[in-house]
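**Q** what shape does this take:
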Amino acid sequence: MKIMVVNGPNLNLLGHREPGLYGVRSLEQINQKLTKLADELTLEITFTQSNYEGALIDAIQSLRWSSDGAILNAGGYTHTSVALRDAILAVEKPVVEVHLTNPGARENFRRQNFLTGAVVGSIAGFGPQSYELALWWFYWQVHNVGTV
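**A** As a prediction, this is how the structure comes out:
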């Protein structure tokens, strides 16, 4: 099973950007840990990050041909992008939304989530482990429930 990890705006600054809120691990460190876990679970994993909405839409659309599903941290686009939501619905592949923090416990504007209903589920508030839990979900789908 091939899983694409898609990271949105400002996530390239992890480890430097508000470490009290987002932690001290860089995106590269998170990706390295996910690669190790994917190897243990015998899952293939690829990574992409962009600060541009169109590039994220292109990555999601590419799921149709390149992957069996995605882990998506859309960052701020979670709260603003109908186009990203439409791309998720169009590809008909499972997408698990992740967030390092819990948007529902933060500013009011972060409680608006355009991805709800388009993603199969959301994991938020567990720091970098949110990504790991999402990867485990894909593993469980194959090994306990059947194919995704």
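**Q** list the residues that contact the most centrally placed residue in the chain.
**A** Taking Cα atoms, centre = their mean, the centroid of the chain lies closest to Leu72, which sits 1.9 Å from it. By Cβ atoms under 8 Å, 6 or more residues apart in numbering, the residues touching Leu72 are Val5, Val6, Gly8, Ile60, Ile88, Val95, Val96, Glu97, Val98, Leu115, Val119. Any C-beta I mention is one placed from the backbone N, CA and C, and that applies to glycine too.
**Q** among those residues, which one has the most neighbours?
**A** Using other Cβ atoms under 10 Å as the neighbour criterion, Ile60 leads those with 28 neighbours.
**Q** right, and that residue touches Arg85 too?
**A** No. The criterion here is Cβ atoms under 8 Å, and Ile60 misses it with Arg85 at 9.8 Å.
**Q** let me know how buried Ser66 is, in neighbour terms.
**A** When neighbours are counted by other Cβ under 10 Å, Ser66 registers 13.
**Q** equivalent analysis for the one 5 residues further on, please.
**A** The burial count assigned to Ile71 is 27, neighbours taken as other Cβ under 10 Å.
**Q** next: Thr80.
**A** 13.
**Q** that one: what's it in contact with?
**A** Applying Cβ under 8 Å, 6+ apart, the residues near Thr80 are Phe114.
**Q** which residues does the nearest residue to the residue nearest to the centre of the chain once chain neighbours are set aside bridge with?
**A** Using Cβ to Cβ, 6 or more residues apart in numbering and skipping the chain neighbours, the partner closest in space to Leu72 is Val6 (4.8 Å). According to DSSP bridges, the partner residues bridging Val6 are Thr48, Leu72.
**Q** thinking Val6 is in contact with Gln61, fair?
**A** No. Between Val6 and Gln61 there is no contact under Cβ under 8 Å: 11.0 Å.
**Q** in the helix or strand of the chain with the lowest mean pLDDT, what's buried?
**A** Least confident helix or strand of the chain, by mean pLDDT, DSSP states H and E, is helix 19-22 with a mean of 78. Across helix 19-22, burial judged by 16 or more other Cβ atoms under 10 Å covers Tyr22.
**Q** so what touches the following helix or strand past that helix?
**A** Counting by DSSP states H and E, the element after helix 19-22 in chain order, helix or strand, is helix 27-41. Here helix 27-41 makes contact (Cβ under 8 Å, 6+ apart) with 3, 5, 7, 11-12, 14-15, 44-45, 47, 49, 128, 131-132, 135-136, 139.
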